[in-house]
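Asker: Generate a structure from the sequence data that follows.
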Amino acid sequence: MTTRLSAACPLALLAAALSQSACGASQPAPAASAMSAAGGAPASTAGGEKPKEETHKLVIAVAACWLGGTWADALGAQDSTKPGTVEARCHDVERRVWGGAEDKTHYEQLRALEENAVADVIAKVHETAKQEGLDSPRREALVKVTTALADAEKEVMLSHRAADRVKRDLDREPEKLTADETDAVAPLRAHAKFDELLGLDAGNLSRESHALAILCALDRVEIARGLPKHLKLYAVADTFHTLFGVGVPDVPQDATKKLIPGTWLRFLSETAAAVGYPVTEKAKTPRERDALAWAGMLRGFADKLKTDADAISPSTDLSHVAVVALHRLEVEYNAQQAAEETVHLKTTSN
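Answerer: You can find the predicted model right below:
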């Protein structure tokens, strides 16, 4: 029987297949930005010129912090090192935005996307762009991307929290499950801010905002893992509809009600078919079809990321993250296809 592989888990198969594309994945903790201690403006280089595209680098650093584990997963971070790399990236942003020594309050507010911290980040993006020539003309676009990303990430964060409560209840506190399932529906289904980021008109940064939205959507896919099937639909159905045009099935208004049997598998299979990687007739059992449909859906995400990566400057860290992420998704799809073929050969040989 096949077993679903996780794009978020550092499997030996993925590591071997990605040894070249992810050779730069284990990155050291980012260094503090070259900001002047007094005004926080970009420091001058040895030749007297200010660093180029400092504002854009700041926006991408902010994205790396807010996307947290998703960014680290894309770079192949091991589970043991992932928290440290996420923390280092966010401390780097903290230093860029507020200057000075590390501050626990600022750090926690940044990670939690609290309103005052987000406002400070956006203000820093605005002010930094004013002070440098290359990014100054696209200052408005840089602010738009940062604002839309903050809103989308806040939406995902609330969805994460709701899903984590349900998963905790399934494991340890089943008496709380009914109430937490009901409370989870609204945050799991919220997707308006994701839609805004995905379709943002940000000039020559539009493709980057689209790629960031795809990474947010992949975070929702990870949220769905481990949820009961009816809640999986709340977590991803609207997002898949926006991205792939697949129809959203009817789900109970009461989150404690069970789905009509086969609803989740049918929806996932329709998604895989919509992105061009349908489940083959060789898959006989529901478990096999589920695994192949899941892998096909992920391959659809890889195709979306490839389109974005091809249009993003390779000089930005976002390009590297997008390329490595899409390769990881392709490897998972290929591995699942190979596993299914092995099962089929064993079955026919018997």
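Asker: Let me know the helix or strand that residue 301 is in.
Answerer: Assigned by DSSP states H and E, residue 301 falls within helix 286-311.
Asker: Which helix or strand lies directly C-terminal to that helix?
Answerer: Following helix 286-311 toward the C-terminus (DSSP H and E): helix 317-349.
Asker: Residues in contact with stretch 309-323: which ones?
Answerer: 21, 24, 56-57, 60, 63-64, 71, 74-75, 207-208, 211-212, 214-215, 305, 308, 326 (Cβ atoms under 8 Å, 6 or more residues apart in numbering). For every residue, glycine as well, the C-beta is placed using N, CA and C.
Asker: got it, and stretch 270-280?
Answerer: Taking Cβ under 8 Å, 6+ apart as the rule, stretch 270-280 contacts 240, 244-247, 269, 289, 292-297, 299-300, 303, 333, 340.
Asker: can you do 7 Å?
Answerer: If you take Cβ atoms under 7 Å, 6 or more residues apart in numbering as the criterion, stretch 270-280 is touched by 240, 244-246, 269, 289, 292-293, 296-297, 299-300, 303, 333.
Asker: quick revisit: show me which of the contacts of stretch 309-323 are buried.
Answerer: Neighbour-count burial (16 or more other Cβ atoms under 10 Å) is assigned, among the contacts of stretch 309-323, to 21, 56-57, 60, 63-64, 71, 74-75, 207-208, 211-212, 214-215, 305, 308, 326.
Asker: what angle do the helix holding residue 301 and helix 317-349 make?
Answerer: Here the directions of helix 286-311 and helix 317-349 differ by 150 degrees (axes from the mean of the first three to the mean of the last three Cα atoms, to 10 degrees).
Asker: Tell me the buried residues in helix 286-311?
Answerer: 288-302, 304-309.
Asker: Which residue lies closest in space to residue 113, excluding its sequence neighbours?
Answerer: The spatially closest residue to residue 113, leaving aside those adjacent along the chain, is residue 154, at 4.6 Å (Cβ to Cβ, 6 or more residues apart in numbering).
Asker: how much space between that neighbour and residue 217?
Answerer: Distance, residue 154 to residue 217, by Cβ to Cβ, to the nearest Å: 15 Å.
Asker: between those two, who's got more neighbours?
Answerer: Using other Cβ atoms under 10 Å, the more surrounded residue of residue 154 and residue 217 is residue 217, with 23 against 18.
Asker: how close does the more buried one get to residue 282?
Answerer: Counting by Cβ to Cβ, the gap from residue 217 to residue 282 is 29 Å.
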